[in-house]
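Engineer: mind folding the following:
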Amino acid sequence: MKRQPPVIAFLVASPFEILDLTGPSSVFERSAVNGERYYSIQVLSTRSGGTVETAGGMTISNARKYSDYAGSIDTLIAIGGDGAVAPQPPELSKWLRERAPYTRRITSICTGAFLLAGAGLLDGHRVVTHWQWCDTLQSRYKDLKVERDPIFIKEGKLYTTAGVTAGIDLALALVEEDIGHAVASAIARTLVLFLRRPGGQSQYSTLLAQQEGIEDERMRDLPAWVKSHLNRKLEVEQLARAAAMSPRTFMRQFKAQFDTTPARWVQSLRVEAAMRHLEDQSMSVSKIARVTGFRDEQALRRAFLQQIGVTPKQYRERFGELDNQRKSHPGQSHPNEPNLRANGSA
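Structural biologist: Alright, predicted model coming up:
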């Protein structure tokens, strides 16, 4: 008897974010057992017409309206984009609620969480979406527990992910669940990806994010000042002096603006600076630790494991290779460059 491949059904509300669909699809299409593709892929549109449309106007023509699809669904993946954030017809929410009990996994990528939340499927659960949309998702759906930082969250059969490229992380995790580590690892190598980024990894660049929404110019300029003085002792007294504040005033303002401790904040900037040094391969790890303000190589290693879930050596093995490729092919982009450095884009 011929095996029936599990159906991965992408639910798409146009206009959608193209990488939310094509990134995970590339992972599932490469998933094979004994030379045969493991999954079958369906694109289900929230509208009639047989096509779905990207935010840039590109169309994919092999879609069918969700209500016209009568086959089984193993894993439903709601895709993000402007269409997903827009109000949906009641019929779609009803269809999702009716399908949910018979679907093994229900997932969303980026703002696809709005489609699931609109049907009540995420009520009472921890969820994540693109960092720019976390507040909107929480305010629109009060029963959700929206978290800002994780790459993806799994709660039972429900999976939600952060922005855009996080969908690739989710797809690799699902393949690993279904077929095993070896297959998922081989796909990650083919696509020049990390097999797994930690779920707690921050979605976007700390340095860039610090300067958003800060009205006080002294605090707004602080990240750039710290970045240029990482090899110094950076405790509260030094930071307060740089911001032209008393330590007491500084601590009050810092907590209000950054919602973390100065020590953790400085460490995150040091890790980001170390990433850039590790990529160009021109400096030893011990020297990188010194120039970025870590006490020694072991302190750098602990910070890397805590913040991004890999060691400096593992990071260099992956992204040092990308730097060599950039030097060999100037102007050419490479497929996974954003994944660890500013993924919420995130």
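
Engineer: only C-alpha atoms from now on, for both contacts and neighbour counts.
Structural biologist: Noted.

Engineer: Thr160 sits in which helix or strand?
Structural biologist: strand 158-161 (DSSP states H and E).

Engineer: for that strand, packing partners?
Structural biologist: Counting by 3 or more Cα pairs under 8 Å, 6 or more residues apart in numbering; DSSP states H and E, the packing neighbours recorded for strand 158-161 are strand 105-108, strand 126-128, strand 152-155.

Engineer: that one: partners in the sheet, and parallel or antiparallel?
Structural biologist: If you go by DSSP bridges, strand 158-161 pairs up with strand 105-108 (parallel), strand 152-155 (antiparallel).

Engineer: give me the next element, helix or strand, following the first one.
Structural biologist: Read it as strand 105-108. By DSSP H and E, the next helix or strand past strand 105-108 is helix 113-118.

Engineer: what does the average pLDDT come to for that next one?
Structural biologist: Averaging pLDDT along helix 113-118 yields 98.

Engineer: how is this protein carved up into domains?
Structural biologist: For the chain, the structural domains run 7-190, 206-341, going by automatic domain parsing.

Engineer: out of those domains, which gets the lowest mean score?
Structural biologist: Mean pLDDT values for those show the minimum at domain 206-341, a mean of 79.

Engineer: count of neighbours near Gln253?
Structural biologist: Neighbours of Gln253 under the rule other Cα atoms under 10 Å: 15.

Engineer: again with Ala113
Structural biologist: Using other Cα under 10 Å, Ala113 has 28 other residues around it.

Engineer: quick one: residues contacting it.
Structural biologist: Contact analysis of Ala113 by Cα atoms under 8 Å, 6 or more residues apart in numbering lists Ala78, Gly80, Ala84, Thr107, Val128, Thr129, Thr160.

Engineer: farthest-separated two in these?
Structural biologist: Farthest apart among the contacts of Ala113 by Cα to Cα are Ala84 and Val128. That separation is 14.7 Å.

Engineer: what about those two, which has more around it?
Structural biologist: Val128 (31 against 26).

Engineer: how close does the more buried one get to Cys134?
Structural biologist: Noted for Val128: a distance of 7 Å to Cys134, by Cα to Cα, to the nearest Å.

Engineer: over to Leu116?
Structural biologist: When distance is defined by Cα to Cα, Leu116 is 14 Å away from Cys134.

Engineer: comparing these two, which residue is more hemmed in?
Structural biologist: Taking neighbours as other Cα under 10 Å, Leu116 and Cys134 compare with Leu116 leading, 24 against 19.

Engineer: mind listing what the residue lying closest to that one once chain neighbours are set aside touches?
Structural biologist: Among residues not flanking Leu116 along the chain, Leu122 sits closest, at 6.4 Å (Cα to Cα, 6 or more residues apart in numbering). Contact analysis of Leu122 by Cα under 8 Å, 6+ apart lists Leu116, Leu144, Leu158.

Engineer: change it to 10 Å
Structural biologist: 106, 113-116, 141, 143-145, 155, 158-160 (Cα atoms under 10 Å, 6 or more residues apart in numbering).

Engineer: which of the residues you listed are buried?
Structural biologist: Ile106, Ala113, Phe114, Leu115, Leu116, Tyr141, Leu144, Lys145, Leu158, Tyr159, Thr160 (16 or more other Cα atoms under 10 Å).

Engineer: make JSON lines from those residues and add distance to Arg316 to it.
Structural biologist: Listed next are the buried ones among the contacts of Leu122 as JSON lines, based on distance: Cα to Cα, whole Å:
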{"residue": "Ile106", "distance to Arg316": "35"}
{"residue": "Ala113", "distance to Arg316": "34"}
{"residue": "Phe114", "distance to Arg316": "37"}
{"residue": "Leu115", "distance to Arg316": "38"}
{"residue": "Leu116", "distance to Arg316": "38"}
{"residue": "Tyr141", "distance to Arg316": "41"}
{"residue": "Leu144", "distance to Arg316": "38"}
{"residue": "Lys145", "distance to Arg316": "35"}
{"residue": "Leu158", "distance to Arg316": "34"}
{"residue": "Tyr159", "distance to Arg316": "30"}
{"residue": "Thr160", "distance to Arg316": "29"}
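
Engineer: once you drop chain neighbours, what's closest to Ala166?
Structural biologist: Ala166 sits nearest to Ile151 (Cα to Cα, 6+ apart), 5.9 Å away.

Engineer: wait, Ser67
Structural biologist: Nearest residue to Ser67 in three dimensions, chain neighbours excluded: Trp95, at 7.4 Å (Cα to Cα, 6+ apart).
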